[in-house]
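[1] Build me a structure from this.
(one chain, ligands or ions: 1)
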Amino acid sequence: MIPIDGLTITRSATLLDALAQMNKGAKGVLLLVDATGRFERTITDGDLRRLLLAGHPLSETISSLQAISSSVVSPDADVAAVLRLLDEKKIDQVPAVDGAGFPVGLWLRREVPSPVLLSTPHLSEFEQEFVAQAFATNWIAPLGPNVDAFERELAALVGVKHAAAVSSGTAAIHLGLRLLGVGPGDVVFCSSFTFAASANPILYQGAEPVFIDSEPESWNMSPAALRRAFRDAEREGRLPRAVIVVSLYGQSADLDEIKAICEHYGTPILEDAAESLGATYKGRQSGTLGTLGVYSFNGNKIITTSGGGMLVSDDANLIEQARFLATQARDPAPHYQHSVMGYNYRMSNILAGVGRGQLRVLPERVDARRAVYERYAEALSDMDGVRFMPEPSWSRSTRWLTVCTVDPSAIGMTRAQLVERLSAERIEARAAWKPMHLQPLFADCRYYAHEPAKSVCDALFENGLCLPSGSNMTYMQQERVIEAFRALTATSRPARLAG
Ligand SMILES: Cc1ncc(COP(=O)(O)O)c(C=O)c1O
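    A predicted model of the protein is given here:
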C-alpha cells in the first residue's frame, strides 16, 4: 500500500488542476474526497479525458464528475484479499478506507509484492547446451548420451561407483525395495517423519511398513527407536527385509549409529536422500552410506530435472538390475521377451541434459541455501519460541529448506495460523511433514517413538515451519520474509510477552 499524500482532490478543483495533480502524482489515479476529507470515489486519467472530450473546459471544476461507488478495502486488508478484489473487479487500484470513511492508503496492482515461493527451480547457464545436443542428435528417448553421462557425473560427484537415472525419486525407492527382495508379507522399517513418497513403495511391494520416530538432534531417524523396533521384531521372528532411512530437509541422518544396528541384524539400508543431495555426514556424501541411495530431481529440489531420480550403489549388480527392471525387464532375446515384471522408469535423455547442467552448479546451490538459512537464523533466532533445525557436529546440511519450530504460547499463534498469515502476505511457508504414523493411509501400522512415551516427530509436525529457501531468492525477498515473520508474530504476541 502506498501513501496518499498528494493524491486527494476535491470537487472544487478545476479540470486543469486535476490533470496537473494526476501528472505530478504519476499514479494514474486520484482520490476524490469531500470537504471533510472523506473518500467519495477514485478518478482515473480516463475519467478526466472523458470530461475533456465531452467539451468541459480546463477552467471548469470537476464537480460534474458522476457520483459512483468505487471499490475500497479496509486498512487491515491483506495482500491476498486486495489481489482477489482487483481481479474480481478488473481494476488496477483500490484505496484503503478506514471505518470513518477517510482514505488511508492506496493499493496499486503494479506495486503489489510478487509471491515469495518455498523452493523454485534455479537453472544455470549450462542446461540448454546439453538439451540442445539431445535435440540436435535426435536423442529424444529414455536413454542416450546425456543419461549415461548424468549417471557417471553424479556418481563421481558423490563418490559412489554406480548410478541409474530414473523418472522420479519414488521410482528409485520402488526399484530399490524390489532389488532388496522386499515382497508381500515382508516388514520394512521406515522413518516416520518424511514425505509419503518414502513409504508408498513399501505398499507397492505388498509389504508392511513399521515407522520409526526422529531423534531431536538431527530430526532424522532415532537410533534408540530403531533399536527397540529391531528387538521386538527379533522376538516376534519378523525381522525387516530393509530399513528406509530418510535424510530430511538437506540433512543426513546419524548413519553410523543406524548402520551399526542394521548390520547387527543383517538388514540392508536404503537411504532416501531425495532431499539431501550435497549434504555430508562426517565428510561422506548423504545418499552413499547405505546399500542403496536415492536422490530426487523434482522441481522443488536443490537441483532439478523437472522430474527425475537416481538410484546409487557401490554394487554394480544391483544397479545393472535396476536399469533392467526400469526398462520393462526385457530379456536379452532377438524378440520381445519378458521373464519378470518390469517398469517404465528410465529418465529421458532430454531431462538428463537438464540434470547435467544442474550438477555443475550443485556446490553453489548448497552455499546459496545455507546463506538463506544463515540470514533467517541471524534475524530471527533472538525471538522467543523460535528454534531452527539443529545441525549436529557430524553434519553439513545443505539447508535445502530452512525449517524452524515455533512455540504457540510464545508467538501468540499456532504454526497453522502463521502459515495462513504469511500466505496472506504472499509468502509461501509450509507445515513440516506430517509423520507417516499419523496419516490415515498408515493408521494401522506400528510406530516406535524416540522414547516410549515421547514422540519427537509429532511435535515437529505440530510446530514445524518451512520457510521460503530457494537458492534464487533475492535479498529483498528474504527481507520480506523476515519482516513479515517478525511483524506478524510480534503483533499477535500475548501482552505479557509483548514488551
Ligand atoms: C523424502 C522424500 N522422499 C522421496 C521423494 C520422492 O521424490 P520424487 O518426487 O522425485 O518422486 C521426495 C520428494 O518428492 C522426498 O521429499
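[2] Using the three-state scheme, assign the residue in the stretch 1-150 of the chain positioned nearest to the ligand.
    Here the residue of the stretch 1-150 of the chain nearest the ligand is residue 119; by CB to the nearest ligand atom that distance is 10.8 Å. Just so you know, the C-beta spots here come from the backbone N, C-alpha and C atoms, and that holds for glycine as well. Under the three-state scheme (DSSP: H, G, I helix; E, B strand; the rest coil), residue 119 adopts coil.
[3] Measure how buried the closest residue to it other than its chain neighbours is and give me the count.
    Nearest non-adjacent residue to residue 119, counting by CB to CB, 6 or more residues apart in numbering: residue 300, 4.4 Å away. Using other CB atoms under 10 Å, the number of residues around residue 300 comes to 16.
[4] same question, residue 424
    16.
[5] Can you pull the phi/psi pair for it?
    Dihedral pair for residue 424: phi -60, psi -20, per degrees, to the nearest 10.
[6] my read: it touches residue 80, true?
    Yes - between residue 424 and residue 80 a contact is recorded at 4.7 Å, counting by CB atoms under 8 Å.
[7] Identify each buried residue in the longest helix along the chain, please.
    As assigned by DSSP state H, the longest helix anywhere in the chain is helix 362-380. Judged by neighbour count (16 or more other CB atoms under 10 Å), helix 362-380 contains these buried residues: 362, 365-366, 368-370, 372-373, 375-377, 379-380.
[8] Quick check: next helix or strand after that helix?
    strand 386-388 (DSSP states H and E).
[9] next one: that next one to chain centre, how far?
    In terms of CA atoms, centre = their mean, to the nearest Å, the centre of strand 386-388 is found 18 Å from the chain centre.
[10] partners of that strand in the sheet?
    Strand 386-388 has the following strand partners under DSSP bridges: strand 402-406 (antiparallel).
[11] what residues does the strand it pairs with touch?
    By CB atoms under 8 Å, 6 or more residues apart in numbering, the residues outside strand 402-406 that reach it are 219, 249, 369, 372-373, 376-377, 380, 385-389, 415, 418, 432, 459-460, 463-467, 469, 489.
[12] how far away is the residue nearest to residue 119 from residue 400?
    Residue 300 sits 9 Å away from residue 400, going by CB to CB, to the nearest Å.
[13] now do residue 62
    If you measure residue 62 against residue 400 using CB to CB, the figure is 57 Å.
[14] show me which of the buried residues of helix 362-380 neighbour the ligand.
    Applying CB under 6 Å from any ligand atom to the buried residues of helix 362-380, one finds that nothing falls near the ligand.
[15] How much space separates the residue of the stretch 1-150 of the chain closest to the ligand from residue 162?
    For residue 119, the distance to residue 162 (CB to CB) stands at 29 Å.
[16] How about residue 325: what's its closest non-neighbour residue?
    Closest to residue 325 by CB to CB, 6+ apart is residue 342, at 5.0 Å.
[17] Surely that neighbour touches residue 323?
    No - look at residue 342 against residue 323 with CB under 8 Å: they stay out of range, at 10.4 Å.
[18] between those two, which one's more packed in?
    Neighbour count, other CB under 10 Å: between residue 342 and residue 323, residue 323 has more, with 20 against 17.
[19] And the residue of the chain closest to the ligand?
    Counting by CB to the nearest ligand atom, the chain gets nearest the ligand through residue 169, at 2.6 Å.
[20] Tell me who's in contact with that residue.
    197, 272, 274, 294, 295, 296, 297, 298, 308, 309.
[21] partner residues bridging the fifth one?
    Right, residue 295. Residue 295 has these beta-bridge partners by DSSP bridges: residue 310.
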